[in-house]
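[1] Could you look at this predicted model? Sequence included:
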Amino acid sequence: MTASDLASHEWWERYKRVVNADPEMRVRGHQHFEEDFVVDIDGDRFLVRMEGGRVEEVLPNPGLNERWAFGVRGSRTAWEEFVREVPPPFNHEIVASHYRTAVRDEPDHLELTGDNEAIFQNLRAFQRALDLMRVAHNDGGS
Amino acid sequence: MSVEDVDAVEPIVGRYVHADIGGVDHRIYFEENGPEDGIPLLCQHTAGNNCQEWRHLLTDETIAEEFRVIAYDLPFHGKSVPPVSQRWWTEDYLMTAERFTESIVAIADALELDEPIYMGSSMGGNITLELADWYPDRFRALIGLECAAHSPGFYIDWLDHPHVNTTEVNAYACWGLMAPQSPESTRRETMYLYEQGATGVFKGDLYYYSVDHDYREKLDDVDATRVPLYVVNGEYDYLTTPDDGRETAAGVGEGAVAVEMAEIGHFPMSEHPELFNAYLREILADVTGDRDEALPDVLTPEDVGVEMTPRPATE
């Protein structure tokens, strides 16, 4: 994939297939991941609706009728680094990226948003779902 | 050699030793391999983990030929159960710099180790500054992996909270501390070890790591001419970066050396044992004087002859 394809309709369709075929999202309780989350890329928002560890749908530009517990926001540059096959240090995983933003106040890393309790209640499944963006983007890898 | 290339019965031996820590008897589990008269290499695990993190170093034939490699479980970790004389269940487990250094020295004393090399990662790396400051004559050298003067922001309430699955959260809060280049199997094993920690112990350790340990204004107190200090940090360690390590070593001054390990992260010994053991051989050769040239600023896989395995298309 080229960086410009990131978050296109086709990209999200492929992402949905990758998450829904991932064995780790089916086991160890991750099949109970039900929290919808928002991916914010330079202000463009996508609501990822989760149902039983599967992506039910991805809704661009969610409005006032929608609700979600948490999400991730960042610049397009940060997201493009995050989905690279071998991402650079500190943009290679969400907690890593968030730490450099929230604690070290560095620019161009991804940042967690929303209810921290809900994030930690769903940490691994959410983290895996984000890591699978890399798999979808590169047609493989983890 | 490959980390999988071991005999059917591994040479590691596990035993218990009783150590007096703060006037209280503690039953400490440790594992070792190597000649009895080899230079002791005392290995400290990371916060909330246990000595199994070092299993691939304990079976490294080259290192265990020269060094007596010893890895132990701190009290409350792994097989070192809490002290039976204490009502430990009535208070939160909390690690401090004083308690940590006292434990390490007590274990070295109980094992009657003569001039051991101390090596630890993460909180085990940070504590090299206190050990150098407070116990400079007890060790031959100190190797601080993932070491910095300060590592704030990781004393997190959610790591010990009834509304979350602490087993999984304690582990996967650390997932991104490892390099994506490290093999999937050993990264997963590192997380598996994290899932074995007792309630509150990881968070309690992180009190030392992120709150009690702050040497930013005290690096001048550390005299590394009395005990050589190696500050060795992985490229992908977002908590204590290689630049943090360089600043720490520069702040200590003479006797302190900073080395960056390329393409590895915060759990080098368990996330990529083959690469770490190769890096460590270079550092140990410097400790023993068997290395002619100064250590480079950055050690790379090419420097130590480790071929990085391309990741499979899907994992």
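    Happy to help now that I have it.

[2] Show the contacting residues for the residue of chain A found nearest chain B.
    Going by CB to the nearest CB, chain B is nearest to A:Glu93 of chain A, at 2.7 Å. C-beta: built from backbone N, CA, C; applies to glycine. When contacts are counted by CB atoms under 8 Å, 6 or more residues apart in numbering or on different chains, A:Glu93 touches A:127, A:131, B:175-176.

[3] at 7 Å instead, please
    By CB atoms under 7 Å, 6 or more residues apart in numbering or on different chains, the contact list for A:Glu93 reads B:175-176.

[4] Please enumerate the helices of the chain.
    I'll assume chain A. For chain A, applying DSSP state H gives helices covering A:9-20, A:76-82, A:94-102, A:116-121, A:123-138.

[5] sorry, should have said chain B
    Using DSSP H, the helices found in chain B span residues B:55-58, B:61-66, B:97-110, B:123-134, B:166-172, B:184-194, B:201-207, B:242-252, B:268-271, B:273-288.

[6] roughly how far is the third one from the heart of the chain?
    Here the centre of helix B:97-110 is set off from its chain's centre by 14 Å, with CA atoms, centre = their mean, to the nearest Å.

[7] likewise the second one?
    Computed by CA atoms, centre = their mean, the chain-centroid distance of helix B:61-66 equals 19 Å.

[8] Can you list the buried residues in that helix?
    By neighbour count on 16 or more other CB atoms under 10 Å in any protein chain shown, the buried set for helix B:61-66 is B:63-64, B:66.

[9] which residue does the stretch 101-250 of chain B bring closest to chain A?
    B:Gly176 (2.7 Å).

[10] can you pull the contacts of that residue?
    By CB under 7 Å, 6+ apart, the contact list for B:Gly176 reads A:92-96, B:238.

[11] State the distance from it to B:Val24.
    37 Å (CB to CB, to the nearest Å).

[12] and B:His26, what does it touch?
    Here B:His26 is in contact with B:18-19, B:75, B:80, B:83 (criterion: CB under 7 Å, 6+ apart).

[13] Ok, B:Ser85 next?
    Here B:Ser85 is in contact with B:24-25 (CB under 7 Å, 6+ apart).

[14] do you know how far it is from chain A?
    As judged by CB to the nearest CB, to the nearest Å, B:Ser85 and chain A stand 35 Å apart.

[15] all strands for the stretch 1-150 of chain B, in order.
    B:13-21, B:24-33, B:39-44, B:67-72, B:117-121, B:141-145 (DSSP state E, counting those that start in this stretch).

[16] Just give me how far stretch B:18-32 sits from the chain centre.
    Worked out by CA atoms, centre = their mean, stretch B:18-32 lies 18 Å from the chain centre.

[17] follow-up on the earlier one: of the contacts of B:His26, closest to A:Arg26?
    Proximity of the contacts of B:His26 to A:Arg26 (CB to CB) peaks at B:Ser80, which lies at 36.2 Å.

[18] Measure how buried that closest one is and give me the count.
    Neighbours of B:Ser80 under the rule other CB atoms under 10 Å in any protein chain shown: 23.

[19] need the contact list for it.
    Here B:Ser80 is in contact with B:26-29, B:73-74 (criterion: CB under 7 Å, 6+ apart).

[20] can you give me phi and psi for it?
    The phi/psi pair for B:Ser80 (degrees, to the nearest 10) reads phi -90, psi 90.

[21] What distance do you get for it to B:Leu42?
    Separation of B:Ser80 from B:Leu42 (CB to CB) stands at 15 Å.

[22] How about B:Glu168?
    Taking CB to CB as the measure, B:Glu168 falls 31 Å from B:Leu42.
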